[in-house]
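*Asks:* generate coordinates for the sequence data below:
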Amino acid sequence: MDLELGGKVVLVTGGSDGLGAALALRLVREGARVALCARGAERLEATASALREAGGDVLAQVTDISRAQEVERFVEAAVARWGRVDGLVNNAGTAAARPFAEVDDAAWEADLQLKLFAAVRTARRVLPHLRAAGGGSIVNVLAIGAKAPGAHSMPSSVSRAAGMALTKALSKELGPAGIRVNAVLVGLIESGQWERKAEASGQSVEALYTKLAKDSGIPLGRVGKAEEFADVVAFLLSPRAGYVSGTALNVDGGLSPAV
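*Replies:* I've put the predicted structure just below:
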C-alpha cells in the first residue's frame, strides 16, 4: 500500500534509536523527509547516517525537548530546511515505574516535563506550520499503562494518561483545521532501552525478550518488533488514515486488559 507520504515532512522526537529510529527508517522508505532529535549526539548521528545511506533526506539535531528554547530551534531548523511541517511524532520518553512512596517531587516533575510538557511544547510549535500546510497529523507515543495503570507504575502511568487526555482534547480542537491527533500505546516492544538493560545484566537480548514475554503473559507469546510499531505510526501519519483521529491504539500483542 502506498501511504502517500512522499515529500511529506515529519518531525520525530526521541529518534536516535529503538522505536524512533525504526519509525524514521519506515518514513524514509516511504519517501518522507524526516527531522530527528534526541539528547545523545553519538547515537543520533549514527542513526541519521544510516538513514542517509538508505536514501533518506534527514535532519538530525541534538535537542533536550524538556527545554522550550531547544524545541523551538529544532522545529525552526526543519522549517528552514524544507519550508513546511506535515507531521509530528512525540516519541521521547523513558521507562519510570516505582512504588508511589518512592517517587519524590523532583521525579514527578522530571517525568511530566519529559513526557507531557515536551509534547505540549512541540505540538504548540508545529501547529502554525501544520495549519499553513492545510492540515497534518500528530501522533503521541504513550504506553498501555495510560489506559490500565497498575501498582508500582508511577510516575510514568500518570504522565502517559495525561498524554492520552491531551490527544483527545487536541483532536477535538484541531480537527476543523484538518489536523488529526492520535496516540499509540505500546506494550513490550524491542528497543534500545531493553538492549542496554540486557547488556547491563550480562544476558543476551534474546533471552531477555523471551523472559519478558513469558513473565508478562503476552497473548501473542512474544515481544513486539520495532518495525511493527513503525508500520502503525506511519499509517496514522499518512493520508490513508484520513478519517482516523482522537483514538488511542494499543500496539501490545493483546497484553492490555483495556480495549
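*Asks:* now the strands for the protein?
*Replies:* For the chain, the strands defined by DSSP state E occupy 9-13, 33-38, 58-62, 87-90, 97-98, 136-143, 154-155, 179-186, 248-251.
*Asks:* lowest-confidence stretch among those?
*Replies:* Mean pLDDT is lowest for strand 97-98 among those, at a mean of 92.
*Asks:* once you drop chain neighbours, what's closest to Val205?
*Replies:* Nearest residue to Val205, sequence neighbours excluded (Cβ to Cβ, 6 or more residues apart in numbering): Ala198, at 4.6 Å. Any C-beta I mention is one placed from the backbone N, CA and C, and that applies to glycine too.
*Asks:* ok, back up a step: will you turn the strands of the chain into a markdown table that also has mean neighbour count and distance to Glu45?
*Replies:* Formatted as a markdown table, these follow (neighbours: other Cβ atoms under 10 Å; distance: least, Cβ to Cβ, whole Å):
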| stretch | mean neighbour count | distance to Glu45 |
| --- | --- | --- |
| strand 9-13 | 27 | 15 |
| strand 33-38 | 27 | 10 |
| strand 58-62 | 20 | 6 |
| strand 87-90 | 29 | 19 |
| strand 97-98 | 14 | 30 |
| strand 136-143 | 27 | 22 |
| strand 154-155 | 21 | 31 |
| strand 179-186 | 25 | 25 |
| strand 248-251 | 20 | 28 |
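*Asks:* can I get those strands in TSV with distance to Arg240?
*Replies:* Converted to TSV, the strands of the chain look like this (distance: least, Cβ to Cβ, whole Å):
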stretch	distance to Arg240
strand 9-13	14
strand 33-38	18
strand 58-62	23
strand 87-90	13
strand 97-98	34
strand 136-143	11
strand 154-155	35
strand 179-186	11
strand 248-251	14
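*Asks:* ok, back up a step: for burial, what's the neighbour tally of the residue nearest to Val205?
*Replies:* Per other Cβ atoms under 10 Å, the neighbour tally for Ala198 reads 17.
*Asks:* touching, it and Thr210? I think so.
*Replies:* No: between Ala198 and Thr210 there is no contact under Cβ atoms under 8 Å: 11.0 Å.
*Asks:* what's the closest non-adjacent residue to Gly55?
*Replies:* Leaving out its chain neighbours, the residue that sits closest to Gly55 by Cβ to Cβ, 6+ apart is Val28, at 6.8 Å.
*Asks:* done for today, thanks.
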